[in-house]
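**Student:** could you work out the structure for the sequence below:
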Amino acid sequence: METEIGSAHWAHVRRGLALALWAVFLFSIVLNLLMLAVPLYSLQIFDRVLGSGRIETLVLLSLMTGGALAALAALEAVRGTLLARAATRFEVGLASVLTKAALQRGTGGSTGLRDLALVRQALTGPAAIGLVDLPWLPLASGFAWLLHPALAVLALAGAALLCMLALANDVLTKRAHAQATAMQIQAQAAADALARRAEPARAMGMTDALVTRIEKRLLPALEAQQRAMERGSVITGLTRAARLAVQAAALGLGVWLVLRGELAPGSMIASSMVISKALAPVEQLIGSWRTLATAREAWRRIHALVDAGVSPPRTSLPAPSGVLEVEGLSLSDEAGKPILRNVGFALEPGQCLGILGSSGSGKSTLCRLLTGAIRSKTGTVRLDGAKLGDYPETELGRHIGYLPQEAMLLDGTVAENIARMAPAPDAAAVVRAAQRAGAHDMILRLPRGYDTRILDGGAPLSGGQRQRIGLARALYGDPSLVILDEPNANLDGTGEGALQACLAALVSGGVTVLIVTHRPNVLRCATHVLVLEGGAVARFGPRDEVLQHLMRPSRAA
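**Tutor:** Numbering: from 1, shown residues only. Model prediction:
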C-alpha cells in the first residue's frame, strides 16, 4: 500500500497534541495550588508570627514557603518544556502533510507552513499559559470563600466582568482580523510572484506598476488590521482598569470586614493577593486575543487543507508498459467556459503523438491532464488499463516523464534537478538520463558540471540549457510515458538535433511519447498527429495522412 499520510495521521497528531495539553493542564492545577504559598505565608505572618513573636515559627514558615516556590519553579519549567515539545512535535508531524496537500491542490505549500508557525507560536506564548491557568479562578474563589463569602462573590463578579469584556473583544475584532489575514495572504502571494519574476519585470519597466498593485492589495489589509487593533486596545485598557478596580475593591472590602471584626488582617492581605492572581489569566487572555484569533483561523485553514487535499492511499500496481487510452476527456475553467471537449485517442508503446493546434486550443491543459497534475470529472485517462487516479501518486510520477513549457528548475544542483530532487539520487541514472537527452556534454561544460548550483527558476542558465536539463529530468528513471510540451521552444540547432535523436531513441525503445510543437520538423519521429481546435479533436490519425490533409488548404491557396 502507498505510504501517504492522510486524515488518519492528522487525527493521530491532534490526539498527541490533546494528550500533551491535558498533561500541561494537570501541571497547571498543581502550579496554581502552589501559588497559594505566598498568600498563606502572608496570612500566617500576620495572624501567628506578629501575634506570638516567635522567630522559630517565622523560620519554619519561610522554609516551607521557599520549598513550595522552588517546586513551583521546577513545575513551571516542566510545563514550558511540555508546551514547547508538544508544539514542535505538532509542527513536525504536519509540515510534510501540509506541503503534500498544498501540492496536490495546486496551491503554495508555504501558506500551510506559515499557518503551522502561527499555531506553534500560540501554543508556546502567553495565550496558552493564560488558558491553562484558568483553573486558578475556581480555586481562588474557593479559597476566598473560606476566608469570607463576600470576597468570593467579589472575585466571581470581577471574573464575569472580564469575561464579558473578552467576548466583546472577540465580537468587535473577529471580522476585522479575518479580513486582514485573508488580504495579507493575497498580498504576500502577489509579492512572492513578483520576486520570482523580478528580472523580466525590471527589464520591461514594470517594477513601479507592480509595487503599486501590491500596495493596493496590502492597504485594505493594513486598514482592517488597524481597526482591529484600535478596538482591541480599547478593550485591553478597560480590562486592565477593571482588574485593578476589582483588586482595589477586594482590599477595600477586606478592610471593611476587618473593621467589622469579620476578618483578620492577614486574611485581608491574602484575599487581595488571591483575587488579583485569579483575574490575571483572564486579563492575559484578553491581551493576547489577537494571537488566539489568528491561531484559530490558521487552525481552520490547516484542517481544511488536510481534509480536502490529501488523497487516500492506493494499492501499488505493476509498472506500465505505456498503453495510453483517453476517453471523453472534458474540462472547463472556473467560469464554466470549455477548455477541452470530449477528447479521445489511444496509443501503443513505441508510438509518438504530435499534438498541434493554435494558441489557446487546450494543448498544455491536455498534457497536464495526461500526467495527472490536474484531474477532470468528465472522461478518463488510462495507463495500461488503470486510471491515473488508481496509481499511487509517487509511483505514477516515476512512470511518467513530463517537460512543461517552463522547465521549472528548483534550487539545487544540476544532478539534483535531473534526479527530481530525490534525497539519494542515483548518479548513474542521472548521467544516463542526461546522455539520452543529449545534454551530457553541455552539462560537463558548466562550471562544476553536474554539481553546478542553480537557483530557483534555473538562473543563471540560459533558456535552452534549462530546457535540455528539464528534458533529462523527464527521462530520469526510464519512464514508459513521456510528455513534452514544446520542448524545442528555446533550443538552438545543436539542441534541436539532440532532441530529434532523443525522440528517435525513445520511439525505438518502446516508450510512448506525446509532444506539443509548432514546428513541423519535430514531427519527423511522430507516428500519429492530433489536431486540437477550440478544445476539441479536429483530426487524429497517422502522421502523413493528417499532415497531408492539413497541407491541402495551403496548396489550394
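**Student:** avg pLDDT for whichever strand or helix holds residue 95?
**Tutor:** Using DSSP states H and E, residue 95 falls within helix 55-105. Averaged over helix 55-105, pLDDT sits at 79.
**Student:** for the closest residue to residue 321 other than its chain neighbours, grab the count of nearby residues.
**Tutor:** Excluding the flanking residues, the one nearest residue 321 by Cβ to Cβ, 6 or more residues apart in numbering is residue 349, at 5.1 Å. C-betas here are computed from N, CA, C, even on glycine. By other Cβ atoms under 10 Å, 18 other residues sit near residue 349.
**Student:** try residue 300
**Tutor:** By other Cβ under 10 Å, the residues close to residue 300 number 12.
**Student:** in terms of secondary structure, what does the helix or strand hosting it contact?
**Tutor:** Counting by DSSP H and E, the element that carries residue 300 is helix 289-309. For helix 289-309, the packing partners by 3 or more Cβ pairs under 8 Å, 6 or more residues apart in numbering; DSSP states H and E come out as helix 7-34, helix 55-105, helix 109-124, helix 126-132, helix 149-196, helix 207-259.
**Student:** how about those helices, which one is nearest residue 484?
**Tutor:** With Cβ to Cβ as the measure, helix 55-105 is the member of the helices and strands packed on helix 289-309 nearest residue 484 (21.9 Å).
**Student:** can you report how many residues neighbour residue 66?
**Tutor:** Neighbours around residue 66, by other Cβ under 10 Å: 12.
**Student:** all the strands of the stretch 451-557 of the chain, residue numbers only.
**Tutor:** Counting by DSSP state E, counting those that start in this stretch, the stretch 451-557 of the chain has strands at residues 453-454, 481-485, 512-516, 528-533, 536-542.
**Student:** so, low pLDDT: which residues of the stretch 151-300 of the chain?
**Tutor:** Applying pLDDT under 70 to the stretch 151-300 of the chain flags residues 176-179, 181, 185, 187, 189-207, 210, 217-218, 287, 289.
**Student:** now with 80, please.
**Tutor:** Residues of the stretch 151-300 of the chain meeting the criterion pLDDT under 80: 159, 162-163, 165-240, 242-244, 247, 251, 263-298.
**Student:** mind listing what the closest residue to residue 347 other than its chain neighbours touches?
**Tutor:** Of all residues beyond its chain neighbours, the one nearest residue 347 is residue 324 (4.5 Å), with distances taken as Cβ to Cβ, 6+ apart. Neighbour list for residue 324: 346-347, 370, 381-383, 481, 512, 514 [criterion: Cβ atoms under 8 Å, 6 or more residues apart in numbering].
**Student:** now residue 324, which residues is it bridged with?
**Tutor:** residue 347, residue 383 (DSSP bridges).
**Student:** residue 72 versus that one, what's the distance?
**Tutor:** 69 Å (Cβ to Cβ, to the nearest Å).
**Student:** try residue 460
**Tutor:** Taking Cβ to Cβ, one finds residue 460 at 59 Å from residue 72.
**Student:** likewise residue 417?
**Tutor:** 55 Å.
**Student:** more crowded one of those two?
**Tutor:** Shown here are residue 417 and residue 72; by other Cβ under 10 Å, residue 417 has more neighbours (25 against 18).
**Student:** just checking, the more buried one touches residue 409?
**Tutor:** Yes - the pair residue 417 / residue 409 is scored as a contact, 5.1 Å apart, by Cβ atoms under 8 Å.
**Student:** residues that sit against both of the two, list them.
**Tutor:** Joint contacts of residue 417 and residue 409 (Cβ under 8 Å, 6+ apart) are 454, 469.
**Student:** what separates residue 161 from residue 141, distance-wise?
**Tutor:** 14 Å.
**Student:** leaving out sequence neighbours, find the closest residue to residue 246.
**Tutor:** Nearest residue to residue 246, sequence neighbours excluded (Cβ to Cβ, 6+ apart): residue 158, at 3.4 Å.
**Student:** that neighbour contacts residue 242, doesn't it?
**Tutor:** Yes - Residue 158 lies in contact with residue 242 (Cβ under 8 Å); the separation is 7.2 Å.
**Student:** wait, doesn't residue 272 sit right on residue 251?
**Tutor:** Yes - at 4.6 Å, residue 272 counts as touching residue 251 under the criterion of Cβ under 8 Å.
**Student:** who's more crowded, these two?
**Tutor:** residue 272 (23 against 17).
**Student:** secondary structure class for that one?
**Tutor:** helix (DSSP: H, G, I helix; E, B strand; the rest coil).
**Student:** oh, and call the first residue 520 from now on, that's how I've got it
**Tutor:** New numbering, starting at 520: the last item is residue 791.
**Student:** show me the contacts for it.
**Tutor:** With contact taken as Cβ under 8 Å, 6+ apart, residue 791 is in contact with 766, 769-770, 773.
**Student:** using TSV, please lay out the residues you listed together with distance to residue 992.
**Tutor:** Shown next, in TSV, are the contacts of residue 791 (distance: Cβ to Cβ, whole Å):
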residue	distance to residue 992
766	67
769	71
770	74
773	77
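**Student:** tell me the spacing between residue 1028 and residue 1044.
**Tutor:** 12 Å.
**Student:** for residue 1052, that is, sorry about that
**Tutor:** For residue 1052, the distance to residue 1044 - Cβ to Cβ - is 24 Å.
**Student:** more neighbours: these two, which one.
**Tutor:** Each of residue 1052 and residue 1044 has its neighbours counted (other Cβ under 10 Å); residue 1044 has more, 20 against 14.
**Student:** quick revisit: can you flag the buried ones in the contacts of residue 843?
**Tutor:** 866, 889, 900-902, 1000, 1031, 1033 (16 or more other Cβ atoms under 10 Å).
**Student:** look up how far residue 1060 lies from residue 1066.
**Tutor:** Distance of residue 1066 to residue 1060, given as Cβ to Cβ: 10 Å.
**Student:** my error: substitute residue 926 in the last question.
**Tutor:** 31 Å.
**Student:** neighbour count winner among those two?
**Tutor:** Using other Cβ under 10 Å, the more surrounded residue of residue 926 and residue 1060 is residue 926, with 23 against 14.
**Student:** quick check: phi and psi at that one.
**Tutor:** phi -60, psi -20 (degrees, to the nearest 10).
**Student:** residues touching it, list them.
**Tutor:** By Cβ under 8 Å, 6+ apart, the residues touching residue 926 are 977, 985-986, 988-989, 992.
**Student:** cool, thanks, talk later.
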